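Q: All I have is the shape, not the residue letters:
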């Protein structure tokens with residue numbers, strides 16, 4: 001149903017957006033800096049569950065529409081690309097405030113259930129993931145290769161697993177290097193700047209691709 005070239009292109013796009021320090025990564029880093037590796041990994045678990053559910057909602061809701069309307073698909077990609085561009089600009093403008101917030105230590109350590117629930121909330125409400133699912137997934141769908149909804153569900157599952165592995169790595173790093181990160185907000189500013197630039201670049205690529213398709 002899904003060709004090898006589709007999967008390869010999807011993998012490259014997914015790893016690019018996953019590694020961008022967006023809301024999920026920043027939240028995971030903050031938990032790791034505040035409470036260590038265990039809390040960071042549990043946060044990622046909750047986040048990944050939320051991301052998976054979000055991808056299912058998008059797949060089931062958009063599948064039928066994308067199957068019958070190329071115009072709708074292009075419009076969705078344009079809107080998503082512009083929104084990613086806006087997110088990147090916003091992240092760049094507020095990078096210092098975000099870094100300061102992440103280095104703020106908290107004394108109260110939430111329970112494991114609370115940590116997972118908090119991660120889940122961030123995951124299912126993550127605008128970056130929503131935009132990626134709604135605007136980027138359709139770009140890799142092949143209407144001649146079977147059900148669009150099934151293809152979107154497969155992409156969502158793959159993306160969620162990749163996000164868990166990547167964000168989990170970020171969490172382990174943050175939990176291990178708590179003092180190194182919290183002692184220098186400048187390092188987090190650099191991280192946020194790089195993420196903002198990647199988001200803006202991806203937004204431009206999506207918009208250009210939609211206009212030329």
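A: Okay, I see it. Everything numeric here is computed off the predicted structure, so don't read it as measured data.
Q: now residue 96, what's its secondary structure?
A: Reducing the assignment at residue 96 to three states with DSSP: H, G, I helix; E, B strand; the rest coil gives helix.
Q: Secondary structure element for the residue nearest to it when sequence neighbours are not counted, which one?
A: The shortest distance from residue 96 to any residue that is not its chain neighbour, by C-beta to C-beta, 6 or more residues apart in numbering, is 5.9 Å, and that residue is residue 189. (Each C-beta comes from the backbone N, C-alpha and C, glycine too.) Residue 189 is part of helix 185-212, with elements assigned from DSSP states H and E.
Q: I'd like the average pLDDT over that helix.
A: Throughout helix 185-212, pLDDT has a mean value of 73.
Q: same question, stretch 58-76
A: Looking at stretch 58-76 alone, the average pLDDT works out to 72.
Q: again, but for stretch 162-178
A: The average pLDDT for stretch 162-178 rounds to 82.
Q: Can you give the contact residues for it?
A: 11, 14-15, 18-19, 24-25, 28-33, 35-41, 43-45, 47-48, 51, 129, 181 (C-beta atoms under 8 Å, 6 or more residues apart in numbering).
Q: and if we set it to 6 Å?
A: Residues lying outside stretch 162-178 but in contact with it, judged by C-beta atoms under 6 Å, 6 or more residues apart in numbering, are 14, 18, 24-25, 28-29, 32-33, 36-37, 40-41, 44, 48, 51.
Q: swap in stretch 110-124?
A: For stretch 110-124, the surrounding residues in contact (C-beta under 6 Å, 6+ apart) are 24, 27, 39, 42-43, 45-47, 49-51, 53-54.
Q: repeat that for 8 Å
A: In this structure, residues lying in contact with stretch 110-124 by C-beta under 8 Å, 6+ apart are 23-24, 27-28, 31, 39, 42-51, 53-54, 129.
Q: For the residue sitting nearest the centre point of the chain, give me its contacts.
A: The C-alpha lying nearest the average C-alpha coordinate of the chain belongs to residue 129 (C-alpha atoms, centre = their mean; 4.4 Å). With contacts defined as C-beta under 8 Å, 6+ apart, the neighbours of residue 129 are 24, 51, 54, 55, 123, 163.
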